[in-house]
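1. Let me see the structure of the following:
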Amino acid sequence: MKQTVWFSEVGKKDVSIAGGKGANLGELTRAGLPVPPGFIVTADAYFNYIRKTGLAKKIDVLLKGINPEDSRKLQVASREIKHLIMETSLPANLKEEITDAYEMMGDDVVVAVRSSATAEDLPDASFAGQQATFLNVSGGSEVVRAVQRAYASLFEARAIYYRIINHYDHNKVALAVPIQQMIESEKSGIMFTVDPVTSDLTKIVIEAGWGLGEAIVSGSVTPDRYVVDKASNQIVNKEIHTQTWKIVKAGHEGDKHVLVPRGEQSVQKLSDEEILALAAIAKKIEAHYGSPQDTEWAVQGGNVYMVQSRPVTTLKEAKEAVQVTSPVPTTKISDDLILTKGAPASIGSASGPVKIIHKPSEIDKVVQGDVLVTEMTTPDYVPAMRRAAAIVTDTGGRTCHAAIVSRELGIPCVVGTGTATSSLKTGQIITVDGQNGIVYKGKVELNAQPTVVAPVVSGTSQNVEQVPVTGTKVYVNLGEPDLAAKVAALPSDGVGLMRAEFIIAGIGEHPRAMMKAGRGEQFTDALAEGIRTIASAFNPRPVVYRFTDFKTNEYRNLKGGSEFEPQENNPMIGYRGASRYVKEPDVFALELSAIKKVREGFDLKNLHVMIPFVRTIDEFIAIRKMIEEAGLKQSNDFKLWIMVEVPSAVILLEDFCQAGIDGISIGSNDLTQLTLGVDRDNQTLAGLFDERNEAVVASLEHICRIGRKYNVTVSCCGQAPSVYPEITEVLVRAGATSVSVSPDMVSATRKLVASVEQRLLLSSIPQDKDEAALDVIP
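-> Residues are numbered from 1 along each chain as shown. Below you'll find the model as predicted:
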């Protein structure tokens, strides 16, 4: 019995031999369409394997009478079956046949080992995605191992579940395995030969994104969307979406998530010529099959390849469709309108009159709708920042105060321009493009986008963004009480970093000055009210409050602050964080009273606390004692975290865990500057400040490793997860229990985390017979 066949040897009628995916790859190849070459390990080879080894009977026993809605039993059965498969070697003749076919493709060709069930991609049903695909596989033995892992994936819990509820007999569903040369796609996506939402047969819909297609197919990123009219062959609609990260090949080690270069993030992914070339292929495919098709494509080196085609099985009768479009600008904005450029710090665009200020005492000059222009911001600028339509600074990078606050407030911001306060004039109308880091003269319309009103389609639900559930929690950074209700509506798991600085800046007076005037209780009450607002909005989701981390220069700018704060040459590494609480316990007591009032007076037990900038074990022990003496004792419903942002805390992390911390939150901004010796607000050194530096990444991985060892929660609330998808991937892979990001990045980060977790699940399917099988929830 022949156990492997080349794509050219099968067609769409050979589902029983090649599975749905394999049969369609063969059909496309026979039709002369551009398909990467490959071969298929047949369904007969799978049946032969499970029957002759006795696996079929064992699988039947384990699945007999199982209730698909009983997730626990489903998981147990899945785990046991996958373990049996990985313990049972493939027949020697099958291994040899697979290896021989692979070697005929060339020397160490990199391939994708794909799953193609005989109940997949059928004309009346599509179970695509239920089994695993393994990318970037090379070497005969590795390909054989990947085939066995693919066989095991036929019994993922989700696959078992789908077969049962769709009445497919497990014993009659086989798995063929297409082995196809990998395309290292620069861009990729999905193409429907019919509008899948409106069922409009006259349109072709193309979705496109950067990198490998997995991010687009899985819905982890929002792709561009192009619509082509079949009759006129005209592009009738474009939606261009920003893509900040992509998946690329990482040597022979699999894939990785990387940042899309800034200049490519918001541009149209496919040229008009490429769109029309794909549309021409779509028409050929539909004509060949005689029915609407859902296809996948990739572009490498300017060449288009089709990597999948399956029937569209969701067509419904469209009752009504309305489309309202505004044209996408085709003319480039004149360079003469560019006044200055800097680092894009907070997305969006806004226009308004310039208001230049140089010190906190001038913030009252900024009125609603002004564009705040200054050298750099500090927490005492927050009231003005809240009124501003946009912010432009001379100095700072993407993790500076202005950038962080702008993202939280949701207003456009450009930082590090170098010349804004000298080149711009108060009262001048400008437009700030926070997406691209550009400031334009006058009011400029940016990012005109088409608006599509979805039709009412029978049998479909509204087209609402779906946010995946993730094992790694996604928290949000928040400090502005006025935004609590709005931010609480986002799909976050709670607040991973609640900053006190916003509230204190709103109070406007140094706490010691208020104590001196006999108004210490007033400070406590105002602080408690701000904390209560946020904790109440998120209740019962957790809110982790970071004790005040003002630096001396920021405290001096508060009313009365100059009387109590020293002048420091470098406040960034000066008198701040935990050290202040130890030296000024009376001021710290005001903050502790506010926490106790919120937890007990307002009964908001979802509030927990975190100590910033901890340098030594002795500091932590002393502060914990103060917290306990204030009547706040660690328990199951009151957790005490520390910020790990000083290298000494990284080095001594095991000692901190043994001392009794409940959680760790990585402050990636300070950790990076202290590890690299780079002031994060120094524009001259901005190019060196990078959380992706090997030394910083090594610290992140060490922190996660120690946290797992001691069963201590590990999170990251610095700006790195909001800015760099690579850091999010490092954290998830290393075992961080959560990340905390700016509000504008919650949905995108959850999708990214889901993508990374999915890859980890697939890579964890046992490769050798003595490895434990993976338990996957359907």
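2. okay, now residue 734: neighbour count?
-> Residue 734: 17 surrounding residues under other Cβ atoms under 10 Å. C-beta here means a position set from N, CA and C on the backbone, and glycine is covered the same way.
3. Report the contact partners of it.
-> Applying Cβ atoms under 8 Å, 6 or more residues apart in numbering to residue 734 gives the contacts 700, 701, 704, 705.
4. which of those lies closest to residue 278?
-> Among these, residue 700 lies closest to residue 278 (Cβ to Cβ), at 40.1 Å.
5. Adding distance to residue 25, write the contacts of residue 734 out as TSV.
-> Putting those into TSV (distance: Cβ to Cβ, whole Å) gives the following:
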residue	distance to residue 25
700	41
701	39
704	40
705	42
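6. For the helix or strand containing residue 590, name the packing helices and strands.
-> According to DSSP states H and E, residue 590 maps onto helix 585-596. On a contact count with 3 or more Cβ pairs under 8 Å, 6 or more residues apart in numbering; DSSP states H and E, helix 585-596 meets helix 511-516, helix 520-538, helix 578-583, helix 617-629.
7. Identify each buried residue in the third one, please.
-> Neighbour-count burial for helix 578-583 flags 578, 579, 580, 581, 582 (criterion: 16 or more other Cβ atoms under 10 Å).
8. Which residue ranges of the stretch 101-250 of the chain form helices?
-> Assigned by DSSP state H, counting those that start in this stretch, the helices in the stretch 101-250 of the chain fall at 140-153, 157-165, 214-217.
9. Likewise for the stretch 401-550 of the chain?
-> Assigned by DSSP H, counting those that start in this stretch, the helices in the stretch 401-550 of the chain fall at 401-409, 420-423, 484-488, 501-507, 511-516, 520-538.
10. who wins for proximity to residue 273 among these?
-> For those, proximity to residue 273 was assessed by Cβ to Cβ; helix 401-409 is nearest, at 36.6 Å.
11. pLDDT of the closest one, averaged?
-> Helix 401-409 comes out with an average pLDDT of 73.
12. repeat for stretch 690-701
-> Taken as a whole, stretch 690-701 has a mean pLDDT of 94.
13. With stretch 481-494 instead?
-> Taken as a whole, stretch 481-494 has a mean pLDDT of 91.
14. buried sites along that stretch?
-> The neighbour-count check on stretch 481-494 (16+ other Cβ under 10 Å) flags 481, 483, 484, 487, 488, 490, 492, 493, 494 as buried.
15. Could you check how far the second one is from residue 410?
-> In this structure, residue 483 and residue 410 are separated by 8 Å, where distance is defined by Cβ to Cβ, to the nearest Å.
16. shared neighbours of these two, anything?
-> Common contacts of residue 483 and residue 410 (Cβ under 8 Å, 6+ apart): residue 743.
17. lowest-confidence stretch among the helices of the stretch 401-550 of the chain?
-> Mean pLDDT values for those show the minimum at helix 401-409, a mean of 73.
18. between the buried residues of helix 578-583, which is nearest residue 605?
-> residue 581 (23.1 Å).
19. so that closest one makes contact with residue 625?
-> No - using Cβ atoms under 8 Å, residue 581 is not in contact with residue 625, being 10.9 Å away.
20. picking up where we left off before, and the two most separated of the buried residues of stretch 481-494?
-> Greatest spatial distance among those (Cβ to Cβ): 481 and 493, at 19.8 Å.
21. Would you point out the helix or strand in the chain whose mean pLDDT is lowest?
-> When the helices and strands of the chain are scored by mean pLDDT, DSSP states H and E, strand 451-457 comes last with a mean of 30.
22. Now stretch 95-108: average pLDDT?
-> The average of the pLDDT scores along stretch 95-108 is 94.
23. Sketch out the low-pLDDT regions of the stretch 1-150 of the chain for me.
-> The model of the stretch 1-150 of the chain has pLDDT under 70 over residues 69, 71, 119-130.
24. again, only using 80
-> 1, 68-72, 75, 118-132 (pLDDT under 80).
25. For it, which segments are assigned as strands?
-> Per DSSP state E, counting those that start in this stretch, the stretch 1-150 of the chain carries strands over the ranges 4-6, 38-41, 111-113, 116-117, 134-137.
26. Figure out how far the shortest one is from the centre of its chain.
-> Same thing as strand 116-117. 29 Å (Cα atoms, centre = their mean, to the nearest Å).
27. Let me know the distance separating the nearest residue to residue 93 once chain neighbours are set aside from residue 746.
-> Excluding the flanking residues, the one nearest residue 93 by Cβ to Cβ, 6 or more residues apart in numbering is residue 3, at 7.6 Å. According to Cβ to Cβ, residue 3 and residue 746 sit 48 Å apart.
28. repeat for residue 106
-> Taken as Cβ to Cβ, the span from residue 106 to residue 746 is 45 Å.
29. Give me the more crowded residue out of these two.
-> When neighbours are counted by other Cβ under 10 Å, residue 746 comes out ahead of the other of residue 106 and residue 746, with 22 against 11.
30. Name all residues that make contact with the nearest residue to the more buried one once chain neighbours are set aside.
-> Nearest residue to residue 746, sequence neighbours excluded (Cβ to Cβ, 6+ apart): residue 490, at 4.6 Å. By Cβ under 8 Å, 6+ apart, residue 490 lies in contact with 476, 743, 746, 747.
31. From the chain's centroid, how far away is stretch 41-51?
-> On Cα atoms, centre = their mean, the centre of stretch 41-51 falls 39 Å from the chain's centre.
32. Which of the residues in that stretch are classified as buried?
-> Here stretch 41-51 shows 41, 42, 43, 44, 45, 46, 47, 48, 49, 50 as buried, counting by 16+ other Cβ under 10 Å.
33. can you put the buried residues of stretch 481-494 in CSV and add distance to residue 236?
-> Shown next, in CSV, are these (distance: Cβ to Cβ, whole Å):
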residue, distance to residue 236
481, 46
483, 39
484, 43
487, 37
488, 40
490, 34
492, 37
493, 41
494, 44
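34. Give me the residues contacting stretch 747-756.
-> For stretch 747-756, using Cβ under 8 Å, 6+ apart, the contacting residues are 214-215, 218-221, 244-245, 247, 257, 465, 467-470, 472, 474, 490-491, 721-722, 725, 728-729, 732-733, 739, 741.
35. hmm, back to that, thinking the residue nearest to residue 93 is in contact with residue 96, fair?
-> No - the pair residue 3 / residue 96 is not scored as a contact, 9.7 Å apart, by Cβ under 8 Å.
36. Those two: who's more crowded?
-> Legend: neighbour count by other Cβ under 10 Å for residue 3 and residue 96, higher for residue 3 (20 against 14).
37. which ones are touching that one?
-> Going by Cβ under 8 Å, 6+ apart, residue 3 touches 41, 42, 44, 45, 48, 93, 94, 97, 98.
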